[in-house]
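[1] using only what follows, build the 3D model:
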Amino acid sequence: MLRAKRSPTVPCASSAAGGRSWQRVAAATVLLIGPILWLIPALLVPAQAHTDAPQPVEARSFPAGVPAEPAPAAAVEIRSSSGTPPLLEITVSTTTAKLHRVTVVTQDTSFSTDFRDGAAVFEAEVKLAPFREPGIHDMQVIAHTSEGFVIRNYRVGFSDFVWGRDNFRFANASRTPKAIDAYSESILPWAEDRFRELSTVERNVLINAAYSVLRNRIGRCYAFAGGKARYHRYPEFLPDFYDSVYDIPATRRDVLEEMNNLQNDMMFDYIVASGHDFTGEQKRSELATHVHRVMEEVGEGRLGVFGYLAPERHHALAAYGFIQDMTGERVLLLAANNWGDEHDVNIHSEAAENIAIDLAPDHKGPRVRWLDTDHSVYEYAELLLAVDVQRDYEHDPAHLQAVLRGYAERIAADGANLLVVERADEARLKDKEGNTSGRAGWRVKRELEGVEYTEAGETHIFAIRTDAELELVVVPVEPENDDPSNGEDEVPAVSYAFYLTGAFTRAERTGGDSLSEADVEGASDITIGSAGGSVAPADFTGYETVVEFESAEDERRFVIAPNRFVPVSLAAEHNAEQQAFLTAVQGRTTTTSR
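    From the prediction side, this is the model:
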């Protein structure tokens with residue numbers, strides 16, 4: 001059964017030599033909801049289906065198909081918001097030529113719809129699902145106009161991915177118990193499990209490195225994208241009694257912990273071990289290589305996970321399909337996002353995303369674009385990186401030392417004391433004159449000179465480049481009581497504070513003796529935060545504290561100054577704790593205060 005709809009005729013202004021003329025413009029939409037298909041004239045060359053893995057775009061030979069006569073520009077755009085098999089949304093539009101017919105050809109079927117009867121049509125939308133089996137297929141779209149016709153050649157590939165079966169029912173952006181929490185609760189246990197126990201300085205450097213890589217945004221995008229991909233490829237990893245990913249509830253803490261570890265494994269493997277550079281511009285050939293790797297994963301029946309790095313954001317998605325425009329060297333990745341709960345409608349999902357990549361040599365501007373995103377900061381990406389999802393991970397300890405050393409050198413070169421406060425509704429620094437930087441209630445203030453503030457949900461990041469004594473005010477997040485047997489008052493409100501400070505103008509031994517620049521440059525065995533008086537690129541001192549609150553209406557205050565992190569108690573019962581912590585700070589130890 002076919003259903004066609006024509007929109008009411010509307011006036012449209014067009015330029016003409018010597019003046020302006022008015023033309024009637026109509027749009028048509030055709031939805032294929034049944035098996036009835038029109039036959040196509042023998043003039044057209046049918047496309048061939050392929051089951052081989054895709055080759056790089058540059059190596060492809062385009063399917064045959066040349067228009068019989070020169071035709072005006074006719075734009076053809078294809079998108080899809082479904083799972084698989086993909087429901088293709090094909091839009092054909094022209095500027096001056098009238099659309100007569102739109103034809104879609106595959107190896108097994110053809111479909112054609114005619115617009116020559118009735119009002120003039122300059123734009124048409126056709127929705128159909130021409131392919132049933134996962135794999136790689138060729139397709140042609142032919143736009144017949146009043147001035148000729150245009151042929152566009154496509155290659156469509158997809159794996160078996162169904163919304164409501166292969167995606168998580170809970171979301172990256174939602175607050176589920178122990179799922180989206182302070183990032184330190186994920187990365188620090190992972191690092192000590194995979195490598196060794198870390199000193200407080202090392203923990204501080206690793207925390208700052210993690211937030212730097214994530215571009216100061218907290219999430220579990222790699223946990224969700226990689227988790228889907230690993231369960232899809234290795235269904236034996238599914239927990240007992242669950243037949244699909246969608247069946248897993250958000251309360252399965254063992255699954256959430258496994259997802260968090262997978263995110264850290266993936267990021268460490270492809271960022272640190274693989275040595276990807278996030279600072280330079282991605283060349284067209286490099287982009288094509290990564291896009292090809294994603295397409296190859298999809299072509300072999302798997303999900304292709306990729307990192308999407310916008311100027312201010314770092315995200316990850318899992319591709320389950322692609323549409324390759326063979327005529328214009330463009331690729332559209334059909335990808336599963338991880339925002340929003342309960343996505344279980346396969347024919348149209350709000351979490352289905354279209355990522356457009358233009359690999360044409362003469363393309364100007366950004367090559368990677370997230371179509372129809374509601375968040376402008378994600379619209380264009382500087383880098384797109386294919387990320388391998390392994391069955392198991394084993395990391396080289398030397399890589400951890402390298403990343404700690406490298407980020408410590410960056411921090412030293414930047415010359416800022418770094419403060420990270422997690423799980424806080426409010427965190428702000430205030431000087432003696434009352435100037436403030438940070439979140440205070442509903443407002444974000446940036447009044448302090450020498451202080452940069454970044455807010456990432458319930459995490460607050462300060463880069464401090466001033467010798468002034470500042471006061472840190474922390475207001476905790478309302479605690480979540482996921483155990484009905486506990487009373488509300490028994491669930492503590494907890495925040496975490498990490499403060500990495502140092503004398504950044506010179507390197508010093510633990511004992512205080514100055515080192516020359518030659519000594520530092522010659523120290524090839526530099527380690528970070530190890531015992532025995534060894535040196536770092538700067539004499540870092542790290543402080544770490546867990547702050548517990550009697551209620552969510554409570555707040556705690558600390559004094560922040562170079563080489564000092566002193567809690568200021570507002571209650572007499574905390575005096576002993578305060579004195580012990582103050583003694584530790586004055587003694588220049590790096591013992592964690594808990």
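[2] mind showing which ranges of the stretch 201-350 of the chain have poor pLDDT?
    Applying pLDDT under 70 to the stretch 201-350 of the chain flags residues 214-219, 275-280.
[3] can you give me the helices for it?
    221-233, 253-267, 284-299 (DSSP state H, counting those that start in this stretch).
[4] highest average neighbour count across the ones you listed?
    The highest mean neighbour count among the helices of the stretch 201-350 of the chain, using mean count of other Cβ atoms under 10 Å, belongs to helix 221-233: a mean of 25. C-beta coordinates here come from the backbone N, C-alpha and C atoms, glycine included.
[5] show residues contacting that one.
    Applying Cβ atoms under 8 Å, 6 or more residues apart in numbering, the contact partners of helix 221-233 are 159, 161, 166-168, 171-172, 237-238, 245, 258-260, 262-263, 266-267, 302-305, 307, 314-318, 336, 338, 387, 389, 391.
[6] what distance do you get for R557 to K430?
    To K430, R557 is 9 Å away according to Cβ to Cβ, to the nearest Å.
[7] if I look at these two, which residues touch both of them?
    Common neighbours of R557 and K430 (Cβ under 8 Å, 6+ apart) are E471, V473.
[8] the more surrounded of the two?
    Set R557 next to K430 and count neighbours by other Cβ atoms under 10 Å: K430 wins out with 20 against 14.
[9] picking that back up, the helices of the stretch 201-350 of the chain: which one's closest to P134?
    Nearest to P134, of all the helices of the stretch 201-350 of the chain, is helix 284-299, at 8.7 Å by Cβ to Cβ.
[10] and the closest one with helix 221-233, angle?
    Counting by axes from the mean of the first three to the mean of the last three Cα atoms, to 10 degrees, helix 284-299 lies at 40 degrees to helix 221-233.
[11] re the thing from before, and the contacts of helix 221-233, which of them are buried?
    Neighbour-count burial (16 or more other Cβ atoms under 10 Å) applied to the contacts of helix 221-233 gives 159, 161, 166-168, 171-172, 245, 258-260, 262-263, 266-267, 302-305, 307, 314-318, 336, 338, 387, 389.
[12] pretty sure A456 sits against S212.
    No. Look at A456 against S212 with Cβ atoms under 8 Å: they stay out of range, at 11.6 Å.
[13] report pLDDT for D193.
    Looking at D193, its pLDDT is 92.
[14] oops, could you answer that again for A13 instead?
    32.
[15] now swap in T96 and tell me
    You'll see T96 listed with a pLDDT of 85.
[16] confirm that it sits in a helix.
    No. Secondary structure of T96 (DSSP: H, G, I helix; E, B strand; the rest coil): coil, not part of a helix.
[17] for it, grab phi and psi.
    When quoted as degrees, to the nearest 10, the phi and psi of T96 stand at phi -120, psi -30.
[18] check F111 too.
    phi -140, psi 140.
[19] quick one: the strands in the stretch 51-200 of the chain, in order.
    74-79, 88-94, 99-105, 110-114, 123-128, 135-145, 148-158 (DSSP state E, counting those that start in this stretch).
[20] flag every buried residue along the shortest one.
    In terms of neighbour count (16+ other Cβ under 10 Å), strand 110-114 has its buried residues at S110, F111, S112, T113.
[21] output the below-cut-off pLDDT ranges for this protein.
    Judged by pLDDT under 70, the stretches of the chain that qualify are 1-73, 118, 173-181, 214-219, 275-280, 480-492, 502-539, 550-553, 562-594.
[22] contacts only, for G83.
    F161, V162, W163, D166, Y320, N346, I347, S349, A352.
[23] try 7 Å this time
    Shown in contact with G83 (Cβ atoms under 7 Å, 6 or more residues apart in numbering): F161, V162, W163, N346, S349.
[24] ok, so of those, who is nearest R293?
    Of those, the one sitting nearest to R293 (Cβ to Cβ) turns out to be F161, at 17.8 Å.
[25] from S80, how far off is the closest residue in space to that closest one that isn't next to it in sequence?
    Distances taken as Cβ to Cβ, 6 or more residues apart in numbering put Y320 closest to F161, at 3.6 Å, once the chain neighbours are dropped. Remark: distance between Y320 and S80 (Cβ to Cβ) = 10 Å.
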